[in-house]
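J.: Give the three-dimensional model of this entry:
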Amino acid sequence: MKASSTVTMKDPMTLIHFISALATALFACATCGAADDGASRAAHAGQPLIGQPAPAAVLRTLDGGTIDLATRYGRKPVYLKFWATWCAPCLQQMPGFERIHRQYGKRIDVIAVNAGFSDTEADVRAYRARHGLTMPIALDDGTLGRRLNLRVTPQHVLIGADGRIAYVGHLDDAALHAALDRAAQGRAAAAPAQPVALAPQAQAARVFHVGDKVEGVDLPAGAAGKPRALVFFAPWCETYLRETRPATSQACRRVREDATRLMKRGGVDWLAVAAPLWTSTAELAAYAKAHPGTPPVALDRDGAVFAAFGIRAIPSVVLIDAEGRVARVLGPEERGLDAALRAARGQ
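T.: Residues are numbered from 1 along each chain as shown. Coordinates of the predicted model:
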């Protein structure tokens, strides 16, 4: 008798398996495009880094200590995984990341580097406890991410025992594990025979605070003699963070709507500055088209403008008075943009 391929309620386990398989397939279809996109962005970001000396950096850890990367290079390979608590693919990869730490931890320094973008220490602590992470967790202030062309989360950066960048990627896939295997098989030294070459040290970026005259920041020219409002954001904030960080998503919408309304009054030069994380010029143009009437947009390609004003959370607004001095910085939870603008205009 030929078996029927039809699933019926008389065969409940088959139905359960079918639903489970269908859900898995649908989830894969929904995420494969984003995964491919993330992989291509990471590959593009990593292309100029491969083979180059890794940058020195002293990272602050979640437990109050420090990790001096320069002292790690030349002894063992170093695997840095940049991530964020609001990042869906980071969450998907965390069980595998913990397994990698347990498998390679004695042969490779495995370090979880929180990107420090719209995250707090409390967020990171809760995340570590919830997911049982045991590897060292470092907190970047954006400096290391800029040196390593951070464009996606997660972003893997594997540095060989010779202190040179060997691999940059986004997926937890065969390519990553092959790179880890190659690195783990390399010979480690108790002390490097000769000093490991490091990337040239980056000059610490100046951070402008309230009262400072803004100079040397690469921004489109504003109207002379007018106050300026810089809105720091990401075009995916309202949509992507709706599920993983709803309060931030709502704040991004509120600031966009406030800026659109206030810009119509005139008297202030507006510019929306987008972070380079998960953002291309084409995506920024699509965002502007989808939200007509909003301030003009510009992509902060290397994160230098965010760094110049110390912005690590979105949405934020920096108000600059007519003399070019920082008048006010409003963070994601701060309201009263209208009143702050009046104060910046001396009204």
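J.: ok, and the closest non-adjacent residue to I108?
T.: In space, and not counting its chain neighbours, I108 is closest to P77: 4.6 Å by Cβ to Cβ, 6 or more residues apart in numbering. To be clear about C-beta, it is placed using only N, CA and C from the backbone, and glycine gets the same treatment.
J.: Burial check on that neighbour, number of neighbours?
T.: When neighbours are defined as other Cβ atoms under 10 Å, P77 has 27 of them.
J.: So it is in contact with G163, correct?
T.: No. Using Cβ atoms under 8 Å, P77 is not in contact with G163, being 9.5 Å away.
J.: just to revisit the earlier point, which residues sit in contact with the residue nearest to I108?
T.: R107, I108, D109, L158, I159, G160, A161, A166, A183, A184, G186, A188 (Cβ atoms under 8 Å, 6 or more residues apart in numbering).
J.: ditto for R228
T.: Going by Cβ under 8 Å, 6+ apart, R228 touches G222, V268, D269, W270, L271, L319, I320.
J.: Look at the fourth one and report its pLDDT.
T.: W270 carries a pLDDT score of 97 in this model.
J.: element containing it, please.
T.: Here W270 sits within strand 269-274, counting by DSSP states H and E.
J.: Please name every helix or strand in contact with the next helix or strand after that strand.
T.: Note on strand 269-274: by DSSP H and E, the next helix or strand toward the C-terminus is helix 281-290. With contacts taken as 3 or more Cβ pairs under 8 Å, 6 or more residues apart in numbering; DSSP states H and E, helix 281-290 sits against strand 297-299.
J.: List phi and psi for M94.
T.: M94 adopts backbone torsions of phi -60, psi -40, taken as degrees, to the nearest 10.
J.: Distance check, the residue lying closest to it once chain neighbours are set aside against R60.
T.: The shortest distance from M94 to any non-neighbouring residue, by Cβ to Cβ, 6+ apart, is to H131 (5.2 Å). Look at H131 and R60: by Cβ to Cβ, to the nearest Å, they are 21 Å apart.
J.: isn't A179 right up against A166?
T.: Yes. A179 is within contact range of A166, at 6.3 Å (criterion: Cβ under 8 Å).
J.: Break down the chain into its strands, ranges please.
T.: Secondary structure of the chain by DSSP state E: the strands cover 58-61, 66-68, 78-83, 109-114, 137-139, 155-159, 165-169, 228-233, 269-274, 297-299, 316-320, 326-330.
J.: Tell me which of the ones you listed lies nearest to K289.
T.: Taking Cβ to Cβ, strand 297-299 is the member of the strands of the chain nearest to K289, at 10.3 Å.
J.: returning to that earlier point: out of the contacts of P77, who has the most neighbours?
T.: The member of the contacts of P77 that has the most neighbours, counting by other Cβ under 10 Å, is I159 with 27 neighbours.
J.: And the pLDDT at it?
T.: At I159, pLDDT is 97.
J.: repeat for V214
T.: What the model reports for V214 is a pLDDT of 95.
J.: can you check M1 too?
T.: 30.
J.: same deal with the one 4 residues further on?
T.: At S5, the predicted lDDT confidence score is 32.
J.: so where is this protein shaky, pLDDT-wise?
T.: Applying pLDDT under 70 to the chain flags the ranges 1-36, 187-204, 223, 347.
J.: Just the helices from it, written as ranges.
T.: Taking DSSP state H, the helices of the chain run over residues 12-46, 69-72, 88-104, 121-131, 143-147, 174-185, 237-244, 246-263, 281-290, 304-308, 337-344.
J.: Would you format these as TSV with distance to A327 included?
T.: Formatted as TSV, the helices of the chain follow (distance: least, Cβ to Cβ, whole Å):
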stretch	distance to A327
helix 12-46	35
helix 69-72	38
helix 88-104	36
helix 121-131	29
helix 143-147	26
helix 174-185	46
helix 237-244	24
helix 246-263	15
helix 281-290	26
helix 304-308	16
helix 337-344	4
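J.: So for H209, which of those sits nearest?
T.: Using Cβ to Cβ, the helices of the chain put helix 304-308 closest to H209, at 10.8 Å.
J.: Check which helices and strands that closest one is in contact with.
T.: Judged by 3+ Cβ pairs under 8 Å, 6+ apart, helix 304-308 is in contact with helix 143-147.
J.: With only the CA atoms kept, save the helix it packs on in PDB.
T.: Extracted C-alpha coordinates of helix 143-147, given in PDB (Å, rounded to 0.1, in the frame of the first residue of the first chain):
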ATOM      1  CA  THR A 143      37.800  53.900  19.000                       C
ATOM      2  CA  LEU A 144      38.800  50.300  18.200                       C
ATOM      3  CA  GLY A 145      35.700  49.800  16.000                       C
ATOM      4  CA  ARG A 146      36.800  52.800  13.900                       C
ATOM      5  CA  ARG A 147      40.300  51.400  13.600                       C
END
